[in-house]
Structures are given as C-alpha cells and as structure tokens.
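Asks: any chance you can model this:
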Amino acid sequence: MGEGFGNDCLLRTALARRLYLECAAAQPIIDYHNHLSARDLADDRVFESLTEVWIAHDPYKHRAMRIAGVAEALITGSDASPREKFDAWAATVPKTLGNPLYHWAALELERGFGITAPLSPATAAAVWETANARLRAPGFSARGLLSRFNVTCVCTSDGLLDDLAAHRTLAASDFAVRVLPTLRGDDIAAAGDEGYPGWVRRLGEATGMTVGSYEAFCAAVKLRLDAFDACGCRLADHALDAFAYRPADEAAAARLFDRRLKGEPLSADDTLSLGSAILRFLGGEYGRRRWTLQLHLGAQRRTSSRLRRLAGPAGGYAAPGRACDVESLCGFLDDLECGGRLPRTILYTLNPADNAVLATLTGSYAEDGVAGKVQFGPAWWYNDHALGIRQHLESLSSYGLLSTFIGMTTDSRSLLSMTRHEYFRRVLCGYLGAQAEAGLLPDDFCALEPLVRAVSYGNAREMVLTAGN
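Replies: This next block holds a predicted model:
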C-alpha cells in the first residue's frame, strides 16, 4: 500500500472489487455497539489536537506502542504533551505492518482528513499540522467527523444510573445521525462487587425509591429501563467473561439480596445464584421490551496489574480467556425462551475456539418470522483483523446462515473508527470473491449483491431501527 488507501486493497478478484465498489461501499453505517461519548456529540465538541481525537482513547494503539517498547509515559502519562504522544504513535505505525492497525491508521487519516501520506516519523510533522488545521475548520467537530462516514445511527454504551440528558439533547436536535443509548448492564448483576450495596443505594436515589428488598430492586431497575426505552434504547450489553449460570428461585434470590444489602458475606455459590437470578430477570425485561441482548464472552481482562493501575480497566492489555461454558449459556437462553421472553441475542467471543459453538447456537433458538434471532456477533476485539473476520465468516457460513448476519460494529471510543466498517466490508467482499473463485459460491454479482447489502447494512437496520417498540 503506497500513497492513499487503494481501491483494490483487500480485494483480490474482479468480483470482490465489483461487490465492494458497486455495492458495499455505498451502504450506510449502523454502528450498534460502541463507546462513543454522547456528551461530545450533544455539545458538538471541537477537538484540540489529533492526539485528543485519534490516540488518547484508543487502547488498540496503546497496546501496539507498548509492544514496540514505547514508554508508558508517552502512551497514557499525564506529563507528555499531545505532540509527544503523537510522535510516539507516528514512530510505531511503520512497525504495525501485518497488523490491522496499519490499514486502520491509513483509513482513518485518509477518510477523516484527506491525508494520503503513510504516517511515519518522516511525515509526522506534516500530518500533525494538516490534521490539526482541519480540526479547527467547520465540519470537523464531533458531529462533523461522524457525518463524514455515511453513518445513520450509532448506539453508545451507558450505565443504568448514567444521566441520559445528552441523548435527549441529541434527539431534539437537527443532527441527522441517530444517537441511541445502549444499556451497559454489568453493574446491575454484579452482586459480588464490594461496592454493590452502595450502587443499590444510588439506584434508589436515581429513582426516588427506597430499595430495601429484591422486589423494590426489580421495580427500581424497571423504572430506569423505562427511561432508557423512552430515549430510544434498543440494545443491552453484558460482559460475562467467564460466564456461569445457576440462578436461585425468586424467594431464594430475595433472601440472598437481603443478606447482601445488610453487608453479610455471600459464598461464591450464593453470589453466583443471586447474580444469575438478576441476569435472568434482566433478560426477561429486555425480551419484553423487544431489545437485543449482547453477551461479550471469553475475555481475560485481568492480566498486568501494573497496567491496570496506570491505564485503567480498558487499557488495551486484556487477552482471550477460557472457552465458553456452553452448558451455562444454553441454560440461560433456555430459561428465557421457556418463559417466552428470550430477546434477540448477539453472542461475541474473544476466544476463537468458541467460533463453531456460537455459530451453531444461532440455530438452537428461533422465533417464527424472526430471521437471525440469535446472532454470532462479529469478530470482536483482538479478532477483528482480516484473518479473524474471515474465520468468523467461515464458521458462520458453515454452521449457520451468513445471510442473516448483522455485520460489523466498532466497539470503539473513537469517531474515526467508523472506517472499520470499510475494512470489514472489504474483507467480506474479498472473502466472497475468493469463495466464488474456488467454486464454492456462484461467480455471479447479481446472486451475491443482496447478501452484501444485507450484511453491510440491511440486517443491522432491521435489528436497530425496525425491531423494538
């Protein structure tokens, strides 16, 4: 790849190029899971530097710099200047050859700022000056940047007790991109956390209720879910890295909850039973509201305690964890289905060993008239490179139906990461072109075009903008 991101990049065959250029490239973007700041968009934030918008909150870049030996002070340190941090990243980019970051960096600079020169120490000064000048120009604020990528909808991640005022501001504005909250529900079921009783007290304060019982707890949670629903929420998300499920019945859950609020220690088994009961309650509420439940599985988030202290809990140092406990996962989904409240569900894994299992589970739970009720979510986190995406597509095609797949999402904190949809679409079209060349798919643009449209945009649109209330 020389100057600019060439039209043929990741597209080896004529059919792949045609599928991408004539079909996928023009599809709008629905980014149904990310960590963008709704407040930045509501305020239409103007960024002070390229570091602030591009590097400061991107753990992928931080991880690559650490691997390259860059001092942590130049990555997340508070004393280094934005320019020093940018120069450290510029020196790292040539070392990312073979990693998706090399392509992503080129896409982000070209699609975001029109900069086609590959970033390196030799071009760093010119890139810095050009990008920063554009950040000061009209059309490069938070809303302007997002609008550059043909985005129609983004779904942010918001805790149950978060203030939704920014979302209400955006809904009442003339901003063409829909910005919807997604419930990040980890805190709700984290009964084993040391600060859980305090979190329950804050839930009471947020709802004006006295939350002194499990019944009152469920009622207060429902009030907050209603507030999310009123702001357009259509998805919930839970990170269940080592998923285990063994729920208590309602009476037992009430007794355990009462003990937890009183500060009594719970055994590991009791903690699991209470957390599982809360998760089952939440799943039923999501199903009743016709939301989509996202389960992020198989991450080992606790690796270096040193980096956790320095960079925080999302600092880019996690790793794939153990394979999924499929018995627990099926027990959870089955409980919801038997209760008539199984929501649409997206299953993500950071461990590729689970690809076949999760792809197969897309055929284990169904609802009449609903295509793709359970989804094998896109190649996630450290798997969203070209090889990981192809492996995901291969598993889903072999064990399920690629035609019902909801496509890519960024899971990112950066507005510029919307370019990852282009990266994914190029890999998708390249994969289909290679399959056609091998005789495994029809070498026929008209036969494959509907598939590309559905996976690039149509299926995600059905899930986010059509389903629900």
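Asks: beyond the biggest strand by length in the chain, next helix or strand please.
Replies: Criterion DSSP state E: the longest strand present in the chain is strand 151-159. Following strand 151-159 in sequence order, the next helix or strand is helix 165-172 (DSSP states H and E).
Asks: tell me which residues in that next one are buried?
Replies: By neighbour count on 16 or more other Cβ atoms under 10 Å, the buried set for helix 165-172 is A166, H167, R168, T169, L170, A171. All C-beta atoms are positioned from the backbone trio N, CA, C, and that covers glycine.
Asks: before we move on, what about stretch 24-36?
Replies: Buried residues in stretch 24-36, counted by 16+ other Cβ under 10 Å: A24, Q27, P28, I29, I30, D31, Y32, H33, N34, H35, L36.
Asks: repeat for stretch 281-297
Replies: 281-287, 289, 291-297.
Asks: same question, stretch 398-406
Replies: Y399, G400, L402, T404, F405, I406.
Asks: can you redo those as JSON lines with distance to A206?
Replies: Listed next are these as JSON lines, based on distance: Cβ to Cβ, whole Å:
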{"residue": "Y399", "distance to A206": "42"}
{"residue": "G400", "distance to A206": "40"}
{"residue": "L402", "distance to A206": "42"}
{"residue": "T404", "distance to A206": "37"}
{"residue": "F405", "distance to A206": "37"}
{"residue": "I406", "distance to A206": "32"}
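Asks: looking at the residues you listed, which is nearest V179?
Replies: I406 (18.8 Å; Cβ to Cβ).
Asks: can I get the buried residues of stretch 24-36 in TSV including secondary structure and distance to V455?
Replies: Below are these laid out as TSV (DSSP: H, G, I helix; E, B strand; the rest coil; distance: Cβ to Cβ, whole Å):
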residue	secondary structure	distance to V455
A24	helix	9
Q27	coil	9
P28	coil	13
I29	strand	13
I30	strand	12
D31	strand	15
Y32	coil	13
H33	coil	16
N34	coil	19
H35	coil	23
L36	coil	23
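Asks: picking up where we left off before, what angle do helix 165-172 and the longest strand of the chain make with each other?
Replies: 160 degrees (axes from the mean of the first three to the mean of the last three Cα atoms, to 10 degrees).
Asks: re the thing from before, closest one to Y214 out of the buried residues of stretch 281-297, please.
Replies: Relative to Y214, the closest of these is F281; by Cβ to Cβ it sits at 9.2 Å.
Asks: what about the nearest residue to the closest one once chain neighbours are set aside, which helix or strand?
Replies: Using Cβ to Cβ, 6 or more residues apart in numbering and skipping residues adjacent in sequence, the residue nearest F281 is C218, 6.0 Å away. Per DSSP H and E, C218 falls inside helix 214-230.
Asks: next structured bit after that helix?
Replies: Downstream of helix 214-230 (by DSSP H and E), the next one is strand 235-239.
Asks: S37 and V154 touch, don't they?
Replies: No - with contact defined as Cβ atoms under 8 Å, S37 does not reach V154; the gap is 10.8 Å.
Asks: the more surrounded of those two?
Replies: V154 (25 against 16; other Cβ atoms under 10 Å).
Asks: ok, now how distant is that one from L266?
Replies: V154 sits 38 Å away from L266, taking Cβ to Cβ, to the nearest Å as the criterion.
Asks: now for the lengthiest helix in the chain, which elements pack on it?
Replies: Longest helix of the chain, by residue count under DSSP state H: helix 268-289. Counting contacts by 3 or more Cβ pairs under 8 Å, 6 or more residues apart in numbering; DSSP states H and E, helix 268-289 packs against helix 214-230, strand 235-239, helix 250-261, strand 292-297, helix 326-338.
Asks: one more time with 7 Å, if that's ok
Replies: The contact analysis (3 or more Cβ pairs under 7 Å, 6 or more residues apart in numbering; DSSP states H and E) places helix 268-289 against helix 214-230, helix 250-261, helix 326-338.
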